[in-house]
Each structure stands twice: as C-alpha cells, then as structure tokens.
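S.K.: what would the 3D arrangement of this be:
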Amino acid sequence: LEASIQILQRQLSKTRGDWLLADAEYLLSVANQRLQLVGDIETTRQALEAADERLRESGDAAVFKVREQIAKEIALLNGISVPDIVGTYAGIQHLQDAVEGLTVFLPHAGKQVELEKKTSPDLSQHGHEILDTVAKKLEGYVVLRHTEQPVTAVLTPEEAHFLKQQLKVRLEMIEIALVQENDTLFNSSIADAKQWLQKNFAENEKTEQFVAELDKLSGVKLRNQYPDISLSLKLLKDISKLRIETDKGALNSPAPAQPANEQQ
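M.R.: Okay, here's the model as predicted:
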C-alpha cells in the first residue's frame, strides 16, 4: 500500500509539460512501429507531426533538438514515393478482361498435300498483266510470318480456352504479389506472363499493347527502403541529458550588454 501511494504521489506531482512529453514519446513509438512493421507512411507522418505539436505545447526548452530531428524525419518520409496499389490492381483487372480479345496462335497440321500436276495453259501477255494487278492489290492484306515454334497440330477450341485461362492465372499471381507487396514474386510473375503470352498468342497489335502494359507493371516498385526515424525517440527518452546541456548553454552564454546610461 505504501509503495502504491508513493507511485500515485509521483504521478500527481507531474506537471502538464511532463504529461505532454510522455504523450509525445508514445506517439514517436507508434510512428516507428507503423513504419517498420506495416510500412504505413501516412500514419507515421501524422504521428510525428502530433508528437512535434505536443513538444511545442510543453514549452520545455530542452526539446528543441528533438523537434529538429522530427523535422528531418518528416522530410525523409516526404521523399518516399508510395506506389498506387489500388490503381495498379485495377490495371491488372483490365488486362484480365483483355485476354479474351487476344488471338491464340493456331499452327497448321504440317502435312504436305500432294497436288495433282496439271498442265497450266499458256497465258497471254494481257493475262499476265491482270495477275500482276491483282497481286499488287493483295499486298498488305496477305502477310507471311515466320515462327520458331514447332508446328504440331491444329488446336481445339478447348485447348485455346485453356491457354487463355492459364494467362489469367498468371495475372492473378501478379495481383497476389501486389497485395502482399512482394517485389520478387511480382516481377517473376510478370516475366512468366510475358513468356506465356509470346509463346502461345499471335503477334499482332493487341498482343503488343498487352506486352507494353506488362512492361509498365514491371517498373512498379512495391517495397521501399524506409528511413530510420528512431533518433528522435532516443533523444526524447534521454530528456534529462538534454535539459542539463540546455542549462549549461544558458549559463555559458554571455550576458546582454547594458545601456551606456546604466553603466554610468
């Protein structure tokens, strides 16, 4: 009972400035936890600003160095670029909807068809001119494309649907990595989706746009290297030392010069 009474007396003897310093110390602890454990930059900034306001209200001259350090830490937080998780997630959802518009690469059977040899009739000069005109008109409509993919057999509609579903699964892996803020899984999933796309889908304008969107995603950095904001908390915990330094500075400062009439 006696020990409890002594604790209560010490608590009651605290001034408003002491309570404000204790509140500021708690807010600085919250700021460090939110940044290092959760990565919540906005809440961390608000906690630092609230702690600085408590220190200002305390009126204690010894907290000047603490407030100066808090200002530096807030400036470090302002220099961090926060990724737009919601916007990036919406972009991935748009890519999933665009998968159905992609053209699956359908290789031909690869069997040579034996054509009956027929003796073509001789064409007159006028006939050759007609063929040349038709050939020129067909330029730009018929495109021959070389592919390094092995030609096996024509894909069935079920197989084509499976290829598109597999691309959607890879996009879902990108979304999972985005929510978890896992940079390694995020980049590897994007590379896997690009490889699957280039291997199984035809090269056209839609495919190129799809690849361009994946390249934009690969430039997103999910995890930042957060700065160390613990120095202000360490300084505040050692407030007694700061008070001694402040008192020494006040004693060693030169006295203000007296007016000439007072010296006489």
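S.K.: pLDDT weak spots in the chain?
M.R.: Counting by pLDDT under 70, the ranges of the chain that qualify are 6-14, 106-155, 224, 247-264.
S.K.: swap the cut-off to 80 and go again
M.R.: Counting by pLDDT under 80, the chain contains low-confidence ranges at 2-17, 38-39, 81-83, 105-157, 222-225, 240, 242-264.
S.K.: so what secondary structure elements neighbour the longest helix seen in it?
M.R.: Looking only at the chain and at elements set by DSSP state H, the helix with the highest residue count is helix 157-180. Using 3 or more Cβ pairs under 8 Å, 6 or more residues apart in numbering; DSSP states H and E as the contact criterion, the neighbours of helix 157-180 among helices and strands are helix 85-98, helix 183-200. To be clear about C-beta, it is placed using only N, CA and C from the backbone, and glycine gets the same treatment.
S.K.: send the alpha carbons of the longest one over as PDB?
M.R.: Provided in PDB are the C-alpha atoms of helix 183-200 (Å, rounded to 0.1, in the frame of the first residue of the first chain):
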ATOM      1  CA  ASP A 183       8.600  -7.500 -55.300                       C
ATOM      2  CA  THR A 184      10.300 -10.800 -56.100                       C
ATOM      3  CA  LEU A 185       7.100 -12.700 -56.700                       C
ATOM      4  CA  PHE A 186       5.600  -9.600 -58.500                       C
ATOM      5  CA  ASN A 187       8.500  -9.400 -61.100                       C
ATOM      6  CA  SER A 188       8.800 -13.100 -61.600                       C
ATOM      7  CA  SER A 189       5.000 -13.400 -62.200                       C
ATOM      8  CA  ILE A 190       5.100 -10.600 -64.800                       C
ATOM      9  CA  ALA A 191       8.000 -12.300 -66.600                       C
ATOM     10  CA  ASP A 192       6.100 -15.600 -66.600                       C
ATOM     11  CA  ALA A 193       3.000 -14.000 -68.000                       C
ATOM     12  CA  LYS A 194       5.100 -12.300 -70.800                       C
ATOM     13  CA  GLN A 195       6.700 -15.600 -71.700                       C
ATOM     14  CA  TRP A 196       3.400 -17.400 -71.900                       C
ATOM     15  CA  LEU A 197       1.900 -14.700 -74.000                       C
ATOM     16  CA  GLN A 198       4.700 -14.600 -76.500                       C
ATOM     17  CA  LYS A 199       4.800 -18.400 -76.800                       C
ATOM     18  CA  ASN A 200       1.100 -19.100 -77.200                       C
END
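S.K.: flag every buried residue along it.
M.R.: The neighbour-count check on helix 183-200 (16 or more other Cβ atoms under 10 Å) flags L185, F186, N187, S189, I190, A193, K194, L197, N200 as buried.
S.K.: just to check, the fourth one is in contact with M173?
M.R.: Going back to what we said before, that points to S189. Yes. In terms of Cβ atoms under 8 Å, S189 counts as a neighbour of M173; the distance is 4.2 Å.
S.K.: what's in contact with the longest helix of the chain?
M.R.: Applying Cβ atoms under 8 Å, 6 or more residues apart in numbering, the external contacts of helix 157-180 come out as 85, 88-89, 92-93, 95-96, 99-100, 102, 104, 106, 155, 183, 185-186, 189-190, 192-193, 196-197, 200-201, 217, 222.
S.K.: distance from it to the middle of the chain?
M.R.: Distance of helix 157-180 from its chain centroid, counting by Cα atoms, centre = their mean, to the nearest Å, is 21 Å.
S.K.: so that helix versus helix 183-200, what angle?
M.R.: Helix 157-180 runs at 160 degrees relative to helix 183-200, counting by axes from the mean of the first three to the mean of the last three Cα atoms, to 10 degrees.
S.K.: can you start the count at 606 instead of 1 from here on
M.R.: Okay, using 606 as the starting number, the last item reads as helix 762-785.
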